[in-house]
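# model this:
(chains A and B)
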Amino acid sequence: MVWQTYFIEFSYLLASILFILGLKGLSHPETAKRGMHMAEFGMLLAIIGTLMHFEIVSYTWIIVGLLFGSTLGIAMGLWVPMTAMPQRTALSHAFGAFAAALVGIAEYYSYTHGFKPLADLDHVKMGAMGFEILLGSLTTTGSLIAFGKLQGILPGQPLVYRGQNIFNMSLLAVTIGLFIYLIFVPTAVIPFYIMLGLAFVFGVLLVLPIGSADMPVVMSLLNSYAGLASAATGFVLGNNVLIIAGTLDGFSGFILSILMCRAMNRSITNVLFGAFGSAATAPIGEGQQGVMREVGLEDIAVQMAYASKVIFVPGYGLATAQAQHAVRELANVLESRGVTVKYGIHPVAGRMPGHMNVLLAEANVPYSQLYELEQINPEFPTTDVAVVIGANDVVNPDARDNPSSPIAGMPILEVDHAKSVVVLKRGQGKGFSGLENPLFFKPVTGMLYGDAKDTLTKLVSAVQHA
Amino acid sequence: MILFSIITPIFLLETSGAMTGAAVIAALYVFALAAFLGYQVISRVPPLLHTPLMSATNAISGISLVGSIVIAGGTGPHHSKVAMILGFIAVVCSTTNVVGGFVITDRMLRMFKRKK
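Predicted coordinates:
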């Protein structure tokens, strides 16, 4: 080996270690920043190392690409609002996966057009390349569809049609069939490009039937696929740092998908193929449960002002109303009156894992006040007012009490155990899943209709004058 | 210990060239150990930090940049123009991912404070 090779390999080795240490830092908010700096340094090392590659003929396009990408990345990183974090993450999954797919296509092209010895394109290499291209391309289009849904460009409702699952499954079967054929006959160029095209199409079809409320699972899965595509790239190029970083990403996404599914008491298959929340599966409300009690802002303000403990339960509505700062203001006023304020965060509240935590952190809510489901549920019986802001399914008591409910068994935040519940809601309509929520009809619950941000701001001044 | 078991196979692999049987096995070792280690490390991340975790792992997996760089630079005695163009687009995509991912992760983590 020439000296550059040692240098490159050593930089990759250091980068791998720094990546692992970086992720280890994320086990606590106090060590997270330092961890990320390590990972960033590792990335820099790996890039510098790669630039030393003795085979590189021209640096022009590399430099242009690096500069262009950095500008784009910095712009996206600095200006994307926290409420748009799910969209941005979806987009970056698409970018990462697309890059992996392109590397695979470029490699395949080089082999089949005589730029690299065709003899090197053996079954193993073709297998790795196939994985890379399949995962890469289906994640690219899948993530773009997820982005479209989150951004509101595409309808958030699941798009379903008759025979959808059978059609998708057959398409997938054909794609995998082509892949297996290619492993045996790597030089079959036309099947290769058909496989590529089908994988792009399958990505679209995979995400279209999934409703916005299931996005946390989809985001995690796409995260996992994007990582595994990178790992497959590592196998193709014989590059260990790619394998390690890609696998870390892949497993992180995998673990998150499992956590998200558990938080909804559903299987991944059910999320992917169940088309939850579509007109077809949403049960018709059983004409149930009497009236919702609308309460006055002043009454609630007084209740809160003289409470000893208030728990806020945020949902996606908090993000759409951009109400995180207003919540924080209300909490400030309450705390100055000696009220204990806590936040109960359901794992699937929002559109991606941890979405609510980031929003509240942005509004300067200290993370010591953010509680997970298991921690906060025992506290509701001693809570004077539980305030539900733009959340619905995650506080639906049917999940606990009604075994025939579509969300039966899903762990919920048991706000109905609090002495009083206030639900901030845009209108009288049902939640995203189209399910009736018996919480809204309970005698303990009062409804406050209107824009969450607006209502919260009014509550701030009302509490101040209480 | 775990780190060492990952490091060892790294020296067994050459940077380029066809994958020999031994190299594939070594790569599978790396994959399996990284998966195991990833599971251990990531299951310790609290739900509080799940969004930063996702954007961080995303940025890290942008390491496919190193593969794109080599392709965009046109390696080999006779390199392909098409491959270079694809490599260039891949460099732009993964750089955006790496830089954007890290910038935004930093931005998020700076917001997490213990006390007011």
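# which ones are touching the residue in the stretch 351-466 of chain A that chain B sits nearest to?
Evaluated by Cβ to the nearest Cβ, the stretch 351-466 of chain A has A:G354 as its residue closest to chain B, separated by 3.2 Å. Just so you know, the C-beta spots here come from the backbone N, C-alpha and C atoms, and that holds for glycine as well. Contacts for A:G354 (Cβ atoms under 8 Å, 6 or more residues apart in numbering or on different chains) come out as B:47-54.
# surely A:A452 meets A:I389?
Yes - between A:A452 and A:I389 there is a contact at 5.4 Å, judged by Cβ atoms under 8 Å.
# which one's more surrounded, these two?
The residue with more neighbours, out of A:A452 and A:I389, is A:I389; 29 against 25, by other Cβ atoms under 10 Å in any protein chain shown.
# tell me the phi and psi of the more buried one?
phi -110, psi 100 (degrees, to the nearest 10).
# could you pull up the residues touching it?
A:312-315, A:317-318, A:323, A:327, A:424, A:452, A:456.
# which residues of the stretch 251-400 of chain A score low on pLDDT?
Across the stretch 251-400 of chain A, residues meeting the criterion (pLDDT under 70) sit at A:274-290.
# need the strands for it, in chain order.
Ranges of strands in the stretch 251-400 of chain A, per DSSP state E, counting those that start in this stretch, are A:309-314, A:340-345, A:370-372, A:385-389.
# quick check: neighbours shared by A:A452 and A:I389?
A:317-318, A:323, A:424.
# as JSON lines, the residues you listed with neighbour count and distance to chain B would be great.
Below are the shared contacts of A:A452 and A:I389 laid out as JSON lines (neighbours: other Cβ atoms under 10 Å in any protein chain shown; distance: Cβ to the nearest Cβ, whole Å):
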{"residue": "A:G317", "neighbour count": "22", "distance to chain B": "18"}
{"residue": "A:L318", "neighbour count": "29", "distance to chain B": "14"}
{"residue": "A:A323", "neighbour count": "27", "distance to chain B": "17"}
{"residue": "A:L424", "neighbour count": "30", "distance to chain B": "23"}
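# ok, these vs A:A408, which is closest?
A:G317 (23.4 Å; Cβ to Cβ).
# what is the burial count for A:L297?
Using other Cβ under 10 Å, A:L297 is surrounded by 15 other residues.
# go on, the one 3 residues further on?
Here the neighbour count serves as a burial measure; for A:I300 (other Cβ under 10 Å) it reads 23.
# what's the answer for A:T141, then?
A:T141 - counted by other Cβ under 10 Å - has 21 other residues nearby.
# once you drop chain neighbours, what's closest to it?
Distance criterion Cβ to Cβ, 6 or more residues apart in numbering or on different chains; nearest residue to A:T141, sequence neighbours excluded, is A:G203 at 3.3 Å.
# count of neighbours near that neighbour?
27.
# that one against A:L138, yeah?
Yes - A:G203 is in contact with A:L138 according to Cβ under 8 Å; the separation is 3.7 Å.
# quick one: contacts of stretch A:191-204?
Around stretch A:191-204, the neighbours that count as contacts under Cβ under 8 Å, 6+ apart are A:101, A:105, A:108, A:112, A:130, A:133-134, A:137-145, A:168, A:171-172, A:174-175, A:178-179, A:181-182, A:185.
# please read the previous query as pertaining to stretch A:251-258.
A:23, A:217, A:220-227, A:268, A:353, B:34-35, B:38-39, B:42-43, B:50, B:53-54, B:57.
# which positions within that stretch qualify as buried?
For stretch A:251-258, burial by neighbour count (16 or more other Cβ atoms under 10 Å in any protein chain shown) applies to A:251-257.
# go on, stretch A:329-347?
For stretch A:329-347, by 16+ other Cβ under 10 Å, it's A:329-331, A:333-334, A:339-347.
# contacts only, for residue 72.
Since no chain was named, I'll use chain A. B:92, B:95-96, B:99-100.
# you looked at the wrong chain, it should be chain B
A:61-62, A:65, B:84, B:87-88, B:90-91.
# change it to 10 Å
A:56, A:58-66, A:102-103, A:106, B:65, B:83-92 (Cβ atoms under 10 Å, 6 or more residues apart in numbering or on different chains).
# ok, A:T247 - contacts?
Counted by Cβ under 10 Å, 6+ apart, A:T247 has contacts A:227-228, A:230-231, A:234, B:30-39, B:61.
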